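In: have a look at this fold, sequence not included:
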């Protein structure tokens, strides 16, 4: 029997659902309803068009209605807004945006892909001219016109997430002085603070002004455009302000139809992505299961939305395919750096506490992105989180110039298949001097974690040494004299690893030794020397590189 499938919304979830459904069912009648003009566009590319990296606006348009008709025999009705759903009658009411006329359509299957919208909290002055959001093609056209015709000299970006940082970079690249205002203590929420500090330092080196731990109190008109007043009383004037403080699901239609939504407005579905009998929901607007914790959450990413669209189409076609959760794998370009993450981060584990009920440990390493003897090597910073009892990989974060996405993709794959530290060390990854090392950073993460799991070393985090009593602990720096002179942890003792055996008698066995080097490699050697000589030893994972970067803007924590 010929099915009639109506799809509300396009872009990632709806468009991919429609295309997959046609491939599975040549006979189905498929109609996409879109209240705007564009059904499928590259929303992740919008900041790069504004910054001139993407030159041709048409490159952002992935599918036009006529293309969907000719290629897939799918009818697309743009400027047609679905205003209500009657789930008992299996009908929708549609309003023609340009004429205001309404009409009804019946369905056999209905797919909701309404997406999300930028958050605009009730901050005084938020509706002033000169304040913009970036979410779709019309938004892009407005902002592109401003930067092209008015040529603003100053801009403020509110929010340090994906869109905020991408906009800051692209505005800076076209000569605009940019300030990022972020209400928490770091940008890029998917990573932990010490990884974010690499980003902070790089942004400042590129001339971006950072205002952290300081939210917006209100907006006011100013002589040049808009004045941003922060909670701490800072006043920042700019010709344009970009709001990039998060998104909310467009779930009002579902809620009004009596479909279940969570406290954040996310449409609740089962594992088959069914929100109700014969109604499916996909994309930014739905609640998903966190792949690591099993908790219900909201993770608005394009990759999961595309997969959900495909799964919904399969199930409409008679399959029983489950959506097994979202890892939250993400990547971001920050000028010359790349930052990426997958799985859970440490701050979430700390915040959730007993709710997650996971005993974990973290390791940090700073390795070359390829062989050290091959020209152009850059440091790749990697943090990986493991379950303490099993060594199961829970999450990872990385930042560096090159090779970051490759390593996080490998670990994301490992997480999906339930891998442990022992699996990471056994992975056989591609190696040639321009691309990696014989012991890839992912393998190295496995080696370090296995050393901990097997009891060959114990570790301590940079943040854990703050409150350690020097009467019961010795901080031991095993780097060279030159490295020591350039900066070290206050109250530390200096014995280079190459003479440690000769100087070991100078150390007090009644104290726990906190040993560190630049990145952890020499400290691992020192740890084994000390342990086999009867010392209680903790190796500070990530070494002085992690410590120094975490406190790069707090010189009181570094002695010279």
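Out: Nice, thanks for sending it over. Small disclaimer: the values here were computed from a predicted structure and weren't measured.
In: in the sheet, which strands lie alongside the strand or helix carrying residue 342, parallel or antiparallel?
Out: Assigned by DSSP states H and E, residue 342 belongs to strand 337-343. When pairing is defined by DSSP bridges, strand 337-343 lines up against strand 330-334 (antiparallel), strand 393-400 (antiparallel).
In: so which of the ones you listed is nearest residue 346?
Out: In terms of CB to CB, the element of the strands paired with strand 337-343 nearest to residue 346 is strand 393-400, at 7.9 Å. The way it works is simple: take the backbone N, C-alpha and C, and place the C-beta from them, glycine included.
In: chain center to the strand holding residue 342, what's the gap?
Out: 6 Å (CA atoms, centre = their mean, to the nearest Å).
In: so what secondary structure elements neighbour the next helix or strand after that strand?
Out: Downstream of strand 337-343, the first helix or strand assigned by DSSP H and E is helix 346-352. In terms of contacts (3 or more CB pairs under 8 Å, 6 or more residues apart in numbering; DSSP states H and E), helix 346-352 is packed against strand 360-368, strand 379-387.
In: rewinding a little: quick check: mean pLDDT of the strand holding residue 342?
Out: On average, the pLDDT along strand 337-343 is 98.
In: show residues contacting it.
Out: 188, 190-191, 195, 198-199, 202, 291-292, 327-332, 385, 393-402, 404-405, 407-408, 411-412, 415 (CB atoms under 8 Å, 6 or more residues apart in numbering).
In: cool, and stretch 536-548?
Out: Contacts of stretch 536-548 (CB under 8 Å, 6+ apart): 194, 362-366, 379, 381, 383, 448, 457-462, 465, 477, 479, 483, 487-489, 511-520, 523-524, 527, 530-531, 557-558.
In: show me these that map onto strands.
Out: In strands, defined here by DSSP state E, the members of the contacts of stretch 536-548 are 362-366, 379, 381, 383, 459-460, 477, 512-516.
In: closest one of those residues to residue 123?
Out: Closest approach between the ones in strands among the contacts of stretch 536-548 and residue 123, by CB to CB: residue 383, at 34.0 Å.
In: count the neighbours of the closest one for me.
Out: Neighbour count of residue 383, defined by other CB atoms under 10 Å: 24.
In: does it really touch residue 400, like I thought?
Out: No - the pair residue 383 / residue 400 is not scored as a contact, 11.9 Å apart, by CB atoms under 8 Å.
In: any common contacting residues for these two?
Out: Common neighbours of residue 383 and residue 400 (CB under 8 Å, 6+ apart) do not exist.
In: quick one: low-confidence ranges for the chain?
Out: 353-357, 555 (pLDDT under 70).
In: still on that earlier bit, drop anything exposed from the contacts of stretch 536-548.
Out: The neighbour count (16 or more other CB atoms under 10 Å) marks 194, 362-366, 379, 381, 383, 448, 457, 459-462, 465, 477, 479, 483, 488-489, 511-520, 523-524, 527, 530-531, 557-558 as buried among the contacts of stretch 536-548.
In: which stretches in the stretch 151-300 of the chain count as helices?
Out: 162-173, 193-205, 252-256 (DSSP state H, counting those that start in this stretch).
In: please identify the buried residues of the longest one?
Out: Translated: helix 193-205. Those buried within helix 193-205 under the rule 16+ other CB under 10 Å are 194-200, 202-203.
In: how about stretch 50-70?
Out: Buried-residue list, stretch 50-70, by 16+ other CB under 10 Å: 50-51, 54, 60-65, 68.
In: which of those sit farthest apart?
Out: 51 and 68 (29.4 Å).
In: gap between the residue lying closest to residue 280 once chain neighbours are set aside and residue 243?
Out: In this structure, residue 280 finds its nearest non-sequential neighbour in residue 312, 4.2 Å apart by CB to CB, 6 or more residues apart in numbering. In this view, residue 312 and residue 243 are 31 Å apart by CB to CB, to the nearest Å.
In: compare the two and say which one has the larger neighbour count.
Out: More neighbours surround residue 312 than the other of residue 312 and residue 243, with 32 against 25 (other CB under 10 Å).
In: the strand holding residue 342 vs helix 162-173, what angle?
Out: Orientation check (axes from the mean of the first three to the mean of the last three CA atoms, to 10 degrees): strand 337-343 against helix 162-173 gives 180 degrees.
In: got the angle for strand 337-343 vs strand 379-387?
Out: Going by the same axes, to 10 degrees, strand 337-343 makes 10 degrees with strand 379-387.
In: pull out the buried residues from strand 337-343.
Out: Within strand 337-343, judged by 16+ other CB under 10 Å, the buried ones are 337-343.
In: tabulate the residues you listed in a markdown table, adding columns for distance to residue 228.
Out: What follows is these, written out as a markdown table (distance: CB to CB, whole Å):
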| residue | distance to residue 228 |
| --- | --- |
| 337 | 26 |
| 338 | 29 |
| 339 | 25 |
| 340 | 30 |
| 341 | 29 |
| 342 | 34 |
| 343 | 35 |
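In: between those, which is nearest residue 160?
Out: residue 339 (11.6 Å).
In: that closest one pairs with what?
Out: residue 332, residue 399.
In: correct me, but residue 258 touches residue 87?
Out: Yes - in this structure, residue 258 is within contact of residue 87 by CB under 8 Å, at 6.6 Å.
In: the more surrounded of those two?
Out: The neighbour count for residue 258 versus residue 87, taken as other CB under 10 Å, is higher for residue 87 (18 against 11).
In: secondary structure class for residue 100?
Out: Secondary structure, DSSP: H, G, I helix; E, B strand; the rest coil: residue 100 is coil.
In: distance of residue 94 from residue 390?
Out: 52 Å.
In: which one of the two has more residues nearby?
Out: residue 94 (22 against 13).
In: how about residues contacting the strand or helix carrying that one?
Out: Element membership for residue 94 (DSSP H and E) is strand 91-96. Residues outside strand 91-96 that contact it (CB under 8 Å, 6+ apart) are 6, 8, 33, 77, 79-86, 101-107, 110.
In: which SSE is immediately downstream of that strand?
Out: strand 102-106.
In: so what's the gap between the next helix or strand after that following strand and the chain middle?
Out: With elements assigned by DSSP H and E, the helix or strand that comes after strand 102-106 is strand 109-112. Relative to the centre of its chain, strand 109-112 is centred 29 Å away, using CA atoms, centre = their mean.
In: on contacts alone, who are the packing partners of the helix or strand following strand 109-112?
Out: As assigned by DSSP H and E, the chain's next helix or strand after strand 109-112 is strand 116-118. Strand 116-118 sits against strand 247-249, with contacts defined as 3+ CB pairs under 8 Å, 6+ apart.
In: just checking: what are the partner strands of the strand it packs on?
Out: By DSSP bridges, strand 247-249 pairs with strand 116-118 (antiparallel).
In: and the contacts of the partner strand?
Out: Contacts for strand 116-118 (CB under 8 Å, 6+ apart): 133-135, 243-250, 284-285, 300.
In: try 7 Å
Out: 133, 135, 243, 247-250, 284-285, 300 (CB atoms under 7 Å, 6 or more residues apart in numbering).
In: among those, who's most crowded?
Out: residue 285 (30 neighbours).
In: please name the nearest non-neighbouring residue to that residue.
Out: residue 249 is the one closest to residue 285 (CB to CB, 6+ apart), at 3.9 Å.
In: my guess is that neighbour meets residue 284, correct?
Out: Yes - assessed by CB atoms under 7 Å, residue 249 is found in contact with residue 284 at 6.1 Å.
In: so what's the closest residue to residue 279 other than its chain neighbours bridging to?
Out: Nearest non-adjacent residue to residue 279, counting by CB to CB, 6+ apart: residue 110, 4.7 Å away. Beta-bridge partners of residue 110, counted by DSSP bridges, are residue 6, residue 279.
In: ok, residue 110 - contacts?
Out: Contacts of residue 110 (CB under 7 Å, 6+ apart): 6, 278-279.
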